[in-house]
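Asks: pasting the sequence and the predicted model now:
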Amino acid sequence: MKFDLKEAMEMMQKMQSELARIQEEARGRIYEAQSGAGFVTAKVNGNLEIVDISISDEAFALGDKSLLEDLISAAVNQALEKAKQEGSSDIQKLLGPLSSNFNFNL
């Protein structure tokens with residue numbers, strides 16, 4: 001099998017365009033997670049940016065700063081994990097059989 005540099009470059013450009021499209025779509029996706037039975041809700045986008053944190057009145061009423069900090073961290077981490085998993089899946093779909101050669105820990 002002969003290696004065709006031009007064909008390889010075209011394939012790489014196509015993959016680069018597709019990756020840019022996936023990244024742009026990811027920016028618009030929102031991933032949500034809750035902690036403490038809904039006391040805290042965190043939302044992140046596909047670019048792993050926090051876009052919203054909501055804290056219930058009941059959580060404030062507890063008056064436990066340390067607990068609230070833990071609940072915020074838990075909700076944010078869960079939302080980030082959801083976004084990472086989907087992002088990794090999108091990249092693996094793009095690369096197809098090549099994805100088995102790479103580890104995508106976004």
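Replies: Right, received. Where do you want to start?
Asks: so what does the host helix or strand of residue 73 touch, helix or strand wise?
Replies: Secondary structure from DSSP states H and E places residue 73 in helix 65-95. Taking 3 or more C-beta pairs under 8 Å, 6 or more residues apart in numbering; DSSP states H and E as contact, the helices and strands that helix 65-95 lies on are helix 5-28, strand 30-35, strand 40-45, strand 50-55, helix 57-62. The C-beta positions use only the backbone N, C-alpha and C, and glycine is treated the same way.
Asks: give me the buried positions along that helix.
Replies: 68, 71-72, 74-76, 78-80, 82-84, 87, 90-91, 95 (16 or more other C-beta atoms under 10 Å).
Asks: so what's the residue nearest the centre of the chain up against?
Replies: Closest residue to the average C-alpha location of the chain: residue 83 at 2.2 Å, with C-alpha atoms, centre = their mean. The contact partners of residue 83, by C-beta atoms under 8 Å, 6 or more residues apart in numbering, come to 26, 29, 31, 44, 45, 46, 48.
Asks: now it. Nearest residue, chain neighbours left out?
Replies: residue 31 (4.4 Å; C-beta to C-beta, 6 or more residues apart in numbering).
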